[in-house]
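Peer 1: next comes the sequence, and after it the predicted model I'd like to discuss.
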Amino acid sequence: MKPTRPKTPAARRAKPAAKRPAVMTGAAIPVLRWPPDEERVEAIFERLAGVMPDPKTELNFSNPFTLVVAVALSAQATDVSVNKATDRLFQVADTPEKMLALGEEGLIPYIASIGLYRGKARNVIALSRIVLEEHGGQVPLNRADLQALPGVGRKTASVVLNELGIEAAIAVDTHVFRVSHRLGLANASTPDKVEAQLFEVVPEEWLPKAHHWLILHGRYTCTARKPKCLSCLIADLCPSRAGLIALGETA
């Protein structure tokens with residue numbers, strides 16, 4: 001039997017420590033038990049409703065068509081950047097007819113400051129044509145037809161249907177995903193599964209506005225990095241707060 005060769009310094013080097021769990025981006029969170037306590041969930045939404053009684057999207061729009069376009073443009077972009085682009089765009093093209101007349105090359109200069117603008121321009125012109133030719137110029141306000149439009153997936157359709165008061169939809173973006181996990185409202189690993197969990201635990205009376213409350217709370221308070229736990233109005237109801245403070249990841 002050959003003698004065992006001593007390990008080299010490289011071989012003896014310790015394996016890197018496992019990364020602490022995180023939701024999408026930002027501060028770490030624990031894996032929480034689900035479903036959450038019903039009274040705690042009720043209290044969370046009561047407080048959010050108290051400070052945001054009528055939450056709305058921060059995207060600028062004037063009709064269902066401009067709403068669909070704005071939401072489609074907002075994928076992987078901030079609402080602020082989209083509004084800067086659409087403030088000019090919608091002055092010249094706020095209907096499918098006007099958007100088609102503008103054309104893909106005419107649209108690009110308006111949205112070139114937004115990420116993935118070439119693909120988005122292609123989708124906006126394609127969806128404008130379908131709305132005009134197949135739906136008489138009116139945006140179809142049902143999930144199946146909305147999701148059939150180029151560039152409009154489940155999340156975009158949910159935002160549109162929720163904002164227009166047609167369906168109590170919950171669009172799970174990075175903010176909703178993160179906040180839902182930190183609050184223990186969900187613990188699933190995909191947006192679709194988180195959406196299903198939220199529909200199970202959010203009281204029916206709060207469903208129509210839950211989408212906006214979670215987004216706005218995540219955008220301004222429960223941020224990805226350095227969540228503002230010390231000034232959060234639902235901090236005492238958050239099972240992640242103590243861990244985040246202990247890790248020094250709060251502001």
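Peer 2: Cool, the structure landed.

Peer 1: isn't residue 49 right up against residue 206?
Peer 2: Yes - counting by CB atoms under 8 Å, residue 49 does reach residue 206; the two are 7.0 Å apart. Every residue, glycine included, has its C-beta placed from N, CA and C.

Peer 1: give the residues shared as contacts by these two.
Peer 2: residue 213 (CB atoms under 8 Å, 6 or more residues apart in numbering).

Peer 1: please tell me how far the residue nearest the centre of the chain sits from residue 222.
Peer 2: With distances taken as CA atoms, centre = their mean, residue 173 lies nearest the centre of the chain, 2.0 Å away. As defined by CB to CB, to the nearest Å, residue 173 lies at a distance of 13 Å from residue 222.

Peer 1: and for residue 208?
Peer 2: Residue 208 is 21 Å from residue 222, where distance means CB to CB.

Peer 1: tell me which of these two has more neighbours.
Peer 2: Neighbours were counted for residue 208 and for residue 222 using other CB atoms under 10 Å; residue 222 has more, 26 against 14.

Peer 1: show me the contacts for the residue nearest to the centre of the chain.
Peer 2: By CB under 8 Å, 6+ apart, residue 173 lies in contact with 155, 191, 215.

Peer 1: which one of these has the most neighbours?
Peer 2: Going by other CB under 10 Å, residue 215 tops those with 23 neighbours.

Peer 1: name the nearest residue to it, sequence neighbours excluded.
Peer 2: Excluding the flanking residues, the one nearest residue 215 by CB to CB, 6 or more residues apart in numbering is residue 175, at 4.7 Å.

Peer 1: which stretches of this structure have low pLDDT?
Peer 2: Residues of the chain meeting the criterion pLDDT under 70: 1-31.

Peer 1: give me the longest helix you can find in this structure.
Peer 2: The longest helix of the chain (DSSP state H) is helix 117-134.

Peer 1: what packs against it?
Peer 2: helix 64-73, helix 96-111 (3 or more CB pairs under 8 Å, 6 or more residues apart in numbering; DSSP states H and E).

Peer 1: now that helix: how far from the chain's centre is it?
Peer 2: Centre-to-centre, helix 117-134 and its host chain are 22 Å apart (CA atoms, centre = their mean, to the nearest Å).

Peer 1: run through who's touching it.
Peer 2: Contacts of helix 117-134 (CB under 8 Å, 6+ apart): 65, 68-69, 72-73, 75, 96-97, 99-100, 103-104, 107-108, 111, 114, 137-140, 148-152.

Peer 1: and after it, which helix or strand comes next?
Peer 2: Where DSSP states H and E defines the elements, the next helix or strand beyond helix 117-134 is helix 143-147.

Peer 1: who are the packing partners of that next one?
Peer 2: Secondary-structure packing of helix 143-147 (3+ CB pairs under 8 Å, 6+ apart): helix 154-163.

Peer 1: and residue 46, how far is that from residue 40?
Peer 2: Distance, residue 46 to residue 40, using CB to CB: 11 Å.

Peer 1: burial measure for residue 116, as a count.
Peer 2: By the criterion of other CB under 10 Å, residue 116 has 14 neighbours.

Peer 1: can you give me the buried ones in stretch 141-149?
Peer 2: By neighbour count with 16 or more other CB atoms under 10 Å, stretch 141-149 contains the buried residues 141, 143, 145, 146, 149.

Peer 1: endpoints of that stretch, how far apart?
Peer 2: 11 Å (CA to CA, to the nearest Å).

Peer 1: residue 61 is in contact with residue 79, correct?
Peer 2: No - Residue 79 is beyond contact range of residue 61, at 11.2 Å (criterion: CB under 8 Å).
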